[in-house]
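Peer 1: requesting a structural model of the entry that follows:
(3 chains)
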Amino acid sequence: MHIDLRTVSIKPLRQTFDHVARRIGEGKAASRYQEGTLDLQATANFHYRPTWDPAHEIFDVSRTALRMADWYAFKDPRQFYYGTYTITRGRQQETAEANFDFVDTRGLADMLEPELRTAATRLLVPLRHVAWGANMNNAAICAYAYGTAITQPCIYHAMDQLGIAQYLTRAGLLLGDLDALDEGRRAWLEDEAWQGLRRYVEDSFVVQDPIELYVAQNVALDGLLYPLVYLTTVDDVFASRGGSAVALLTSFMSEWFQETRKWVDATLKTAAGESADNKALLEHWSTHWRDRAASALRPVARIGLGEAADEMLADALGQFNARLAKAGLTV
Amino acid sequence: MSTVFIAFQANEDTRPIIEAIAEDNPHARLNEAPAMVKIDAEGRLTVRRSSIEERLGRDFDLQELHVNLISLSGHIDETDDEFTLSWNA
Amino acid sequence: MDMHAPKKKLGLKEKYQVMTRGLDWEPSYQKKEDIYPYATYEGIKIHDWDKWEDPFRLTMDAYWKYQAEKERKLYAIIDAYAQSNGHLNVTDARYLNTVKLFLTGVSPLEYMAHRGFAHVGRQFPGAGPRVACLMQSLDEIRHAQTQIHALSNYNKHYNGLHEFRHMHDRVWYLSVPKSFFDDAITAGPFEFMIAIGFSFEYVLTNLLFVPFVSGAAYNGDMGTMTFGFSAQSDEARHMTLGLEVIKFILEQDPDNLPIVQRWIDKWTWRGYRVLTLVAMMMDYMLPKRTMSWKEAWEVYFEENGGALFKDLARYGIKIPKCAETIALEKDHLSHQAWGTFYNYGAAAAFHTWVPEKDEMDWLAAKYPDSFDKYYRPRLEYWREQAAQGKRFYNKTLPMLCQTCQIPMLFTEPGDPTKICYREVDYKGGKYHFCSDHCKEIFEHEPEKYVQSWLPVHQIYQGNCFPEGTDPTAEGFDPLAAVLQYYHLEFGRDNLDFEGSEDQKNFETWRGQATKNV
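Peer 2: Predicted coordinates for the structure are as follows:
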């Protein structure tokens, strides 16, 4: 028997789950982002202390020095839950795939001016290790921060960074070959130009406070690296020197940074707006890690920009400070 | 000899996959359950890309199997051309 | 298509290598043990992380591509199902109680798995397992959310689902699944992998998902069927990760064997105890049954699990010793569990009932050695009592097992007429257990299990009443106060299915759909 149930008009008993209704108001329909995010993490009656961290509960607000009255004050402006996240990235990877194909099938890498090709390879390939570090750090923030509103976007961010590391690997294979990856690794481990950045990344691995780590990675390092490398060096400088093919290979990163910075800014704004203590703490962390990131990036920027590197870095710093000012932080 | 298995959702996408597996593995048994098909085989089961492509009339990436896969058992060996399940004992 | 090296075409394995472990490096500015501080305290010895074999080789772009395809399909069905009032197509409104149990008991565990895999995916010093774990972490938030989204429409129309998150952290029987996952995530990273990746995903997950999802399909619940099967497509990767982990650990050092064996023994039992809820669901709660719990156990544990343990024998791994006890319990488990819930139906967030005659006949056919002898008479007596207006709801709180937290409802192995009861004295306290296995688990790590947040103890200590409750006030009704603390609405979420709001609404709505009114 088939019943045409569509024609039945039924009055629902409730619009959403009670814990969602308590936050958005009774009788209101909830979005999938809200139902998939709000209060999803356990908060009460944990059975055992972690054997790996007996000083804390499984989820514990005291892992960070940041204080929030409500950890669900954070909102992802993109409203990503898993479905919207993967569908968005699925579309972007189609574009990236088409770009890689285009460069590959037309042999565009071979048409690049050799000097530019070398600079692009030397600059981009070691950055796959930096993205790998960002993957680890965002996994840590996802694991140890408090509340789904902030931890959920971090797993997406972590996997995005793995994707970026993999795109950079492919770019390396296209611009050079397997040897280019080996050479990039050698430079990352040995060349003076990369040691400041490598030290920064390794130091970030031992930062225990998940929100400080968020600032070190997502705010400070990426906040300078992406504008400097992808938006300035590749999209502007390389492109103007006939290197648009390189920009095709990194278009995912440029687009990704423009998208994710909105979430990072919103996070900072919410946290800083909570209290003067939070604001001071975030300013302290931001300043400290910004200065370290800037000096680590200076020699790296020279690989792509040569003498213009200092000026471009100063520009990037100016934009960074302005961006944080908008989020309510004076740095 | 131990049994390995692979189970798929029963739908239009998986029909040619299941046919290809059945033909490439004459020792396999098909068990149909509500909305799913479970394929059991003694010792070893091989999924061949080329057999699926013949039936589909298009290129097929073995990683597309994931879209309709429900479960499996056995050690996995995955190459560009074949996806194999096996037990050593 | 997917990531490929254009010039010198790399094979799948080589390509995946440069895309994952090729990204990692030996640190020199910080010590490795500071970067991965939790890698050694469990006693597992790993000499060479590069020996790790990647089970599946999905790069992120392929992951996004295929998962996006799955999600588009899934949400199209969820939308269509909701828009067409698909919930009225289920066989019988009693079915809805299985999804209540699922959302309150299982979905929060999917979320915990997400956070747990993020944690171990950060902590393993090997790049290969780290990537595999993080991908699983991402999958697990998918599972939590697709379950919530698929069941959201049921929540709009039926009771028992509206406070699934709040209840999971508080309600007595939900402390069984909750403590299971809390136990795993608070263990070290290697134990977590054996607990969840191997014992649960590989050995037991088929018992949870395949019968449940197949049962949903059989009972007309397309929404649940779709999220269930869609989630299962990720499980194949997770199971394989679990198997690779165990092989890898065992191949690294012979000293790892006894540690791993103990974990397998422990977690097979812990997982099996949680599946008591599934056993009951399969035998009693699905109006149209697909297979019995006993049959499912035989196919998915004895047959498939048997093949697995036979394979692992070359490392010296033995089938968990609890398998013998489980074999003795399989004729009794679901009946004893349902009997308990029928008793405590006033304190549960789903409805209970006595099976119909044809259902009892089915149970008798599936359980020829136990049902007619031990359980049918009891059920018939309860039905009679209810018919005479003497439906009995037990208000005395049961004693719980310190380890699995299930009430002491299981019988002695081999004697279904006697409750199994074990105890241990530890530091001046007495601790109670449902079985030898739960007792042994406690004895190995007493400092962990004395911490258990036991719902019954907590109620007696006065910790499970709404804030501001005065238990000394005249006429204080402790059960009512506990239900308020649970956010469980008396008369709507609990008690018999017969006469429930769910039953009435379903009948009315289906009536509207089939008749001209």
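
Peer 1: list the contacts of the residue in the stretch 201-350 of chain C positioned nearest to chain B.
Peer 2: The stretch 201-350 of chain C approaches chain B most closely through C:Ala307 (3.4 Å), counting by C-beta to the nearest C-beta. Backbone N, C-alpha and C define where each C-beta goes, glycine included. C:Ala307 sits next to B:Ser2, B:Thr3, B:Val4, B:Ser73, B:Gly74, B:Trp87, B:Ala89 when contact means C-beta atoms under 8 Å, 6 or more residues apart in numbering or on different chains.

Peer 1: neighbour count and pLDDT for the residues you listed - can I get that in JSON lines?
Peer 2: JSON lines is the format used below for these (neighbours: other C-beta atoms under 10 Å in any protein chain shown; pLDDT from 0 to 100):
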{"residue": "B:Ser2", "neighbour count": "20", "pLDDT": "87"}
{"residue": "B:Thr3", "neighbour count": "18", "pLDDT": "90"}
{"residue": "B:Val4", "neighbour count": "25", "pLDDT": "92"}
{"residue": "B:Ser73", "neighbour count": "28", "pLDDT": "88"}
{"residue": "B:Gly74", "neighbour count": "25", "pLDDT": "89"}
{"residue": "B:Trp87", "neighbour count": "19", "pLDDT": "90"}
{"residue": "B:Ala89", "neighbour count": "13", "pLDDT": "63"}
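
Peer 1: out of those, who's near chain C?
Peer 2: When contact is defined as C-beta under 8 Å from any C-beta of the partner chain, the contacts of C:Ala307 meet chain C at B:Ser2, B:Thr3, B:Val4, B:Ser73, B:Gly74, B:Trp87, B:Ala89.

Peer 1: spatially nearest residue to the residue of the stretch 51-200 of chain A found nearest chain C, not counting backbone neighbours?
Peer 2: Using C-beta to the nearest C-beta, the single residue of the stretch 51-200 of chain A nearest to chain C is A:Gly90, 2.8 Å away. Spatial nearest neighbour of A:Gly90, chain neighbours left out: C:Ala68 (2.8 Å); criterion: C-beta to C-beta, 6 or more residues apart in numbering or on different chains.

Peer 1: surely that neighbour meets A:Tyr85?
Peer 2: No - contact criterion C-beta atoms under 8 Å: C:Ala68 and A:Tyr85 do not qualify, at 9.1 Å.

Peer 1: neighbour count: the two, which is higher?
Peer 2: The neighbour comparison of C:Ala68 against A:Tyr85 (other C-beta atoms under 10 Å in any protein chain shown) goes to A:Tyr85, with 26 against 22.

Peer 1: for the more buried one, give me its contacts.
Peer 2: A:Tyr156.

Peer 1: do that again at 10 Å, thanks
Peer 2: A:Tyr85 is in contact with A:76, A:78-79, A:152-153, A:155-156, A:159-160, C:64, C:67-68, C:71, C:138, C:141-142, counting by C-beta atoms under 10 Å, 6 or more residues apart in numbering or on different chains.

Peer 1: quick one: the residue nearest to A:Gly90 is in a strand?
Peer 2: No - per DSSP: H, G, I helix; E, B strand; the rest coil, C:Ala68 lies outside any strand segment and is helix.

Peer 1: mind listing what it touches?
Peer 2: A:Gly83, A:Thr84, A:Tyr85, A:Thr86, A:Ile87, A:Thr88, A:Arg89, A:Gly90, A:Arg91, A:Gln92, A:Gln93, A:Glu94.

Peer 1: report the buried members of those.
Peer 2: Neighbour counting by 16 or more other C-beta atoms under 10 Å in any protein chain shown classes A:Gly83, A:Thr84, A:Tyr85, A:Thr86, A:Ile87, A:Thr88, A:Arg89, A:Gly90, A:Gln92, A:Gln93 among the contacts of C:Ala68 as buried.

Peer 1: quick check: the second one vs chain B, distance?
Peer 2: Same thing as A:Thr84. Distance, A:Thr84 to chain B, by C-beta to the nearest C-beta, to the nearest Å: 19 Å.

Peer 1: helix or strand: which one has that residue?
Peer 2: When elements are assigned from DSSP states H and E, A:Thr84 belongs to helix A:82-105.

Peer 1: now check the helix or strand just after that helix, is it near chain C?
Peer 2: Next in sequence after helix A:82-105, counting helices and strands by DSSP H and E, comes helix A:108-111. Yes - judged by C-beta under 10 Å from any C-beta of the partner chain, helix A:108-111 comes into contact with chain C through A:Ala109.

Peer 1: what residues sit buried inside helix A:108-111?
Peer 2: Buried-residue list, helix A:108-111, by 16+ other C-beta under 10 Å: A:Leu108, A:Ala109.

Peer 1: cool, stretch B:57-72 as well?
Peer 2: Buried residues in stretch B:57-72, counted by 16+ other C-beta under 10 Å: B:60-72.

Peer 1: would you mind measuring the gap between the ends of it?
Peer 2: Using C-alpha to C-alpha, to the nearest Å, one end of stretch B:57-72 lies 26 Å from the other.

Peer 1: average pLDDT across it?
Peer 2: Mean pLDDT, stretch B:57-72: 90.

Peer 1: do the same with stretch B:9-21
Peer 2: 92.

Peer 1: can it be found next to chain A?
Peer 2: No - taking C-beta under 10 Å from any C-beta as the criterion, stretch B:9-21 and chain A are apart, separated by no less than 17.4 Å.

Peer 1: which parts of that stretch are buried?
Peer 2: B:Gln9, B:Ala10, B:Thr14, B:Pro16, B:Ile17, B:Ile18, B:Ala20, B:Ile21.

Peer 1: tell me the one of those nearest C:Thr472?
Peer 2: For those, the minimum distance to C:Thr472 (C-beta to C-beta) is 58.3 Å, reached by B:Gln9.

Peer 1: in this structure the closest one contacts B:Lys38, no?
Peer 2: No - applying C-beta atoms under 10 Å as the test, B:Gln9 and B:Lys38 come out as separate, 11.0 Å apart.

Peer 1: overlap in contacts of the two?
Peer 2: Shared contacts of B:Gln9 and B:Lys38 (C-beta under 10 Å, 6+ apart): B:Ile70.

Peer 1: Serialize the buried residues of stretch B:57-72 to JSON lines and add fields for secondary structure and distance to A:Ser286.
Peer 2: Shown next, in JSON lines, are the buried residues of stretch B:57-72 (DSSP: H, G, I helix; E, B strand; the rest coil; distance: C-beta to C-beta, whole Å):
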{"residue": "B:Phe60", "secondary structure": "coil", "distance to A:Ser286": "50"}
{"residue": "B:Asp61", "secondary structure": "coil", "distance to A:Ser286": "44"}
{"residue": "B:Leu62", "secondary structure": "helix", "distance to A:Ser286": "47"}
{"residue": "B:Gln63", "secondary structure": "helix", "distance to A:Ser286": "41"}
{"residue": "B:Glu64", "secondary structure": "helix", "distance to A:Ser286": "45"}
{"residue": "B:Leu65", "secondary structure": "helix", "distance to A:Ser286": "46"}
{"residue": "B:His66", "secondary structure": "helix", "distance to A:Ser286": "41"}
{"residue": "B:Val67", "secondary structure": "helix", "distance to A:Ser286": "43"}
{"residue": "B:Asn68", "secondary structure": "coil", "distance to A:Ser286": "47"}
{"residue": "B:Leu69", "secondary structure": "strand", "distance to A:Ser286": "45"}
{"residue": "B:Ile70", "secondary structure": "strand", "distance to A:Ser286": "48"}
{"residue": "B:Ser71", "secondary structure": "strand", "distance to A:Ser286": "48"}
{"residue": "B:Leu72", "secondary structure": "strand", "distance to A:Ser286": "48"}
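
Peer 1: can you tell me if stretch C:220-227 touches chain B.
Peer 2: Yes - against chain B, stretch C:220-227 shows contacts by C-beta under 10 Å from any C-beta at C:Met222, C:Met225, C:Thr226.

Peer 1: where's the nearest residue to the first one once chain neighbours are set aside relative to B:Glu82, distance?
Peer 2: Going back to what we said before, that points to C:Met222. Of all residues not flanking C:Met222 in the chain, C:Tyr81 sits nearest, at 5.4 Å (C-beta to C-beta, 6+ apart). Relative to B:Glu82, C:Tyr81 is positioned 37 Å away (C-beta to C-beta, to the nearest Å).
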